[in-house]
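> sequence and computational prediction follow.
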Amino acid sequence: MTVKERLHVLIDRLPEEKAKEAEDILQRLSLENDPLWRALQEAPEDDEPLTPEEVQAIEEGYDSLLRGEVIPMEKVHSRLKKEC
C-alpha cells in the first residue's frame, strides 16, 4: 500500500469533527511547494502607516459590516465568474 493510500484510509477513519483540522494541515503541507505562497510568506511586513483616507475606508467598511450590509461570498464568486 502506498503512502497516499494509507492516508486515504486514515482520513476515512477520522471522525467528522476532526476532518476540518486534517484538511487544514494537508492544505498547509500542499502549499509549501507553491512558489507564490512561499513568496507571500517570506515577504516583508508592510510597515507603512495608513493614510487618513485608508483609515476612513476601513472604518466605513467595518461600520457597514456591523449594519449587516454584506454580500455572501457565494454571490461574490458568482459575480466574479460572470465578469471573467
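Okay, I see it.
> please, where are all the helices along this structure?
3-13, 16-31, 35-42, 52-66, 73-83 (DSSP state H).
> report how many residues lie close to A22.
13 (other CB atoms under 10 Å). C-beta: built from backbone N, CA, C; applies to glycine.
> and the protein, split by domain according to the record?
Using automatic domain parsing, the domain parsing of the chain gives 3-42, 52-83.
> dump those to TSV, plus mean pLDDT.
Below are the domains of the chain laid out as TSV (pLDDT from 0 to 100):
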stretch	mean pLDDT
domain 3-42	90
domain 52-83	92
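> list the contacts for L80?
Residues in contact with L80 (CB atoms under 8 Å, 6 or more residues apart in numbering): none are found.
> gap between it and Y62?
23 Å (CB to CB, to the nearest Å).
> repeat that for R6.
On the measure of CB to CB, R6 and Y62 end up 46 Å apart.
> now swap in D24 and tell me
Distance of D24 to Y62, computed by CB to CB: 27 Å.
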